[in-house]
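Asker: coords below, sequence missing:
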């Protein structure tokens with residue numbers, strides 16, 4: 001997260017995107033098998049916004065599971081697309097470091113472009129810094145705290161679902177997924193509830209690719225808005241120094257290893273917690289509705305047997321994979337599947353591809369809410385960087401579907417969703433649905 005932008009994505013967002021398009025960026029994306037293997041560029045955000053990524057990663061898994069690219073923007077990077085390779089690298093922080101960023105950025109030591117903040121965060125650190133900073137805030141997702149929060153999560157979920165219109169099309173993303181996750185974030189930070197949509201905005205801009213008419217139009221715009229975020233949370237920190245609570249700002253303000261963090265490190269950890277609590281959960285909430293509509297027989301199973309909800313949640317998290325990849329950087333020369341990785345090379349662990357690896361998940365492209373090994377998915381990562389809020393995400397998704405099944409006969413998707421223009425955040429910006437009440 002040191003760049004607060006996926007640098008190579010921005011580099012791919014030009015008038016001509018090599019490999020994955022094979023044509024002008026406004027033209028149709030060709031079949032993966034019509035592109036020379038060496039030219040495939042997995043970080044092309046159009047593959048994800050147009051939902052064309054599956055075939056490309058299927059080919060890479062089969063023909064080039066440790067795939068090399070080198071671009072002017074990002075330098076040298078490798079795409080890991082098989083489950084076992086991803087798990088190996090993710091669990092080995094000694095050889096594959098997080099300290100240079102978690103998204104595809106710029107070559108180690110390269111000068112940062114103008115307008116880009118130099119932000120640091122504990123997920124982009126190795127031990128011991130990572131461990132002590134993570135420990136400071138980990139208590140918010142402890143089992144006892146989650147048990148205490150469940151009644152509030154359920155009450156808010158009921159209120160949101162009861163407010164939905166019947167018999168008319170509405171946007172599930174905006175009215176349900178964003179609203180529920182933003183309310184949860186406001187609670188975790190003890191953030192002024194009436195201003196909670198600021199959290200949504202800061203989450204959205206953190207990894208957005210600057211483009212005309214986009215979420216942000218320039219790095220300079222992102223910089224100014226993120227500095228406003230820092231200013232706002234600095235005021236909250238000063239308040240919590242005097243009046244601490246059981247919230248994330250208080251934990252950071254009073255933690256022995258976090259209270260004296262420089263401003264950019266404080267901002268980085270805030271953004272990590274905001275994005276981690278927002279993008280991932282809200283896109284899984286939206287993905288669950290979309291997936292069950294794509295596989296209506298699974299929807300029927302769920303309505304017939306609500307005890308399948310926890311297993312369905314794990315399978316949706318696998319099938320959706322709300323963050324498509326994470327980056328590591330090689331600490332030394334090494335070999336992966338016979339490919340020579342150089343010290344300083346970036347490695348992208350494509351969770352979205354590992355979760356579709358047929359050697360691990362049978363019929364991996366299919367949603368199977370009774371899949372026996374669904375919880376072996378890669379979406380939460382492995383090793384020291386395994387997602388801190390995984391149980392909270394599962395809790396929110398479980399409560400949502402418990403309450404859906406007591407109210408609605410069906411949630412019916414009315415058209416294909418609009419998807420996030422990103423190869424990092426794999427999500428939805430619009431999902432039109434209609435509901436039928438019981």
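Answerer: Received the coordinates, thanks. Quick caveat, the model's predicted, so the values are computed rather than measured.
Asker: Next, residue 67: phi, psi?
Answerer: phi -100, psi 130 (degrees, to the nearest 10).
Asker: which stretches of this protein form strands?
Answerer: 66-71, 75-80, 96-97, 170-171, 326-330, 334-336, 339-341, 346-349, 408-413, 418-419, 428-430, 432-437 (DSSP state E).
Asker: how distant is the last one from the center of its chain?
Answerer: Spelled out, that is strand 432-437. For strand 432-437, the gap between its own C-alpha mean and the chain's C-alpha mean amounts to 26 Å (Cα atoms, centre = their mean, to the nearest Å).
Asker: strand partners of that strand, parallel vs antiparallel please.
Answerer: Strand 432-437 has its sheet partners listed here by DSSP bridges as strand 170-171 (antiparallel), strand 408-413 (antiparallel).
Asker: swap in the third one?
Answerer: Strand 96-97 sits in its sheet next to strand 326-330 (antiparallel), going by DSSP bridges.
Asker: now the strand it pairs with against strand 75-80, angle please.
Answerer: 120 degrees (axes from the mean of the first three to the mean of the last three Cα atoms, to 10 degrees).
Asker: tell me the mean pLDDT over strand 326-330?
Answerer: In this model, strand 326-330 has a mean pLDDT of 93.
Asker: Tell me how far the residue nearest to residue 215 when sequence neighbours are not counted lies from residue 98.
Answerer: Residue nearest to residue 215 in three dimensions, not counting chain neighbours: residue 208, with 3.8 Å by Cβ to Cβ, 6 or more residues apart in numbering. Heads up, the C-betas are built off the backbone N, CA and C, glycines and all. Residue 208 is 22 Å from residue 98, where distance means Cβ to Cβ, to the nearest Å.
Asker: Same check on residue 70?
Answerer: 22 Å.
Asker: which residues touch the nearest residue to residue 298 once chain neighbours are set aside?
Answerer: Excluding the flanking residues, the one nearest residue 298 by Cβ to Cβ, 6+ apart is residue 369, at 4.9 Å. By Cβ atoms under 8 Å, 6 or more residues apart in numbering, the contact set of residue 369 is 298, 301, 302, 308, 311, 312, 315.
Asker: could you show me where the helices are in the stretch 151-300 of the chain, in order?
Answerer: Here the stretch 151-300 of the chain has its helices, by DSSP state H, counting those that start in this stretch, at 172, 179-189, 197-206, 219-242, 248-254, 263-294, 296-304.
Asker: Quick one: closest of the ones you listed to residue 90.
Answerer: helix 263-294 (16.3 Å; Cβ to Cβ).
Asker: Give me the buried positions along the closest one.
Answerer: Neighbour-count burial for helix 263-294 flags 264-293 (criterion: 16 or more other Cβ atoms under 10 Å).
Asker: just stretch 43-56 next, same as before
Answerer: For stretch 43-56, by 16+ other Cβ under 10 Å, it's 43, 44, 45, 46, 47, 48, 49, 52, 53, 56.
Asker: what's the spacing between the third one and residue 363?
Answerer: It refers to residue 45. Where residue 363 is concerned, residue 45 sits at a distance of 28 Å (Cβ to Cβ).
Asker: bridging residues for the residue nearest the centre of the chain?
Answerer: For the chain, residue 323 is the residue whose C-alpha lies nearest the centre (Cα atoms, centre = their mean; 3.0 Å). Counting by DSSP bridges, residue 323 is bridged to residue 425.
Asker: Wait, it touches residue 424, no?
Answerer: Yes. Here residue 323 reaches residue 424: they are 6.5 Å apart, a contact under Cβ atoms under 8 Å.
Asker: Overlap of the contact sets of these two?
Answerer: Residues touching both residue 323 and residue 424 (Cβ under 8 Å, 6+ apart): there are none.
Asker: Next up, the contacts around residue 325.
Answerer: Neighbouring residues of residue 325 by Cβ under 8 Å, 6+ apart: 79, 104, 348, 349, 350, 351, 352, 423, 424.
Asker: Buried ones among the residues you listed?
Answerer: If we count by 16+ other Cβ under 10 Å, the contacts of residue 325 have these buried: 79, 104, 348, 349, 350, 351, 352, 423, 424.
Asker: Distance of the first one relative to residue 426?
Answerer: The one in question is residue 79. Distance from residue 79 to residue 426, by Cβ to Cβ: 15 Å.
Asker: swap in residue 210?
Answerer: 19 Å.
Asker: Please identify which of those two sits among more neighbours.
Answerer: residue 426 (25 against 18; other Cβ atoms under 10 Å).
Asker: Could I get the contacting residues of the more buried one?
Answerer: Residues in contact with residue 426 (Cβ under 8 Å, 6+ apart) are 48, 283, 320, 321, 322, 323, 324, 352, 419, 420.
Asker: Looking at those residues, point me to the pair that's furthest apart.
Answerer: Going by Cβ to Cβ, the pair spanning the contacts of residue 426 furthest: 323 and 419, at 14.0 Å.
Asker: what's around the residue nearest to residue 215, how many residues?
Answerer: 24.
Asker: correct me, but residue 430 touches residue 171?
Answerer: Yes. Taking Cβ under 8 Å as the definition, residue 430 is a contact partner of residue 171 at 5.5 Å.
Asker: Who has more neighbours out of those two?
Answerer: residue 171 (18 against 14).
Asker: right, and residue 392 touches residue 147 too?
Answerer: No. Residue 392 is beyond contact range of residue 147, at 11.4 Å (criterion: Cβ under 8 Å).
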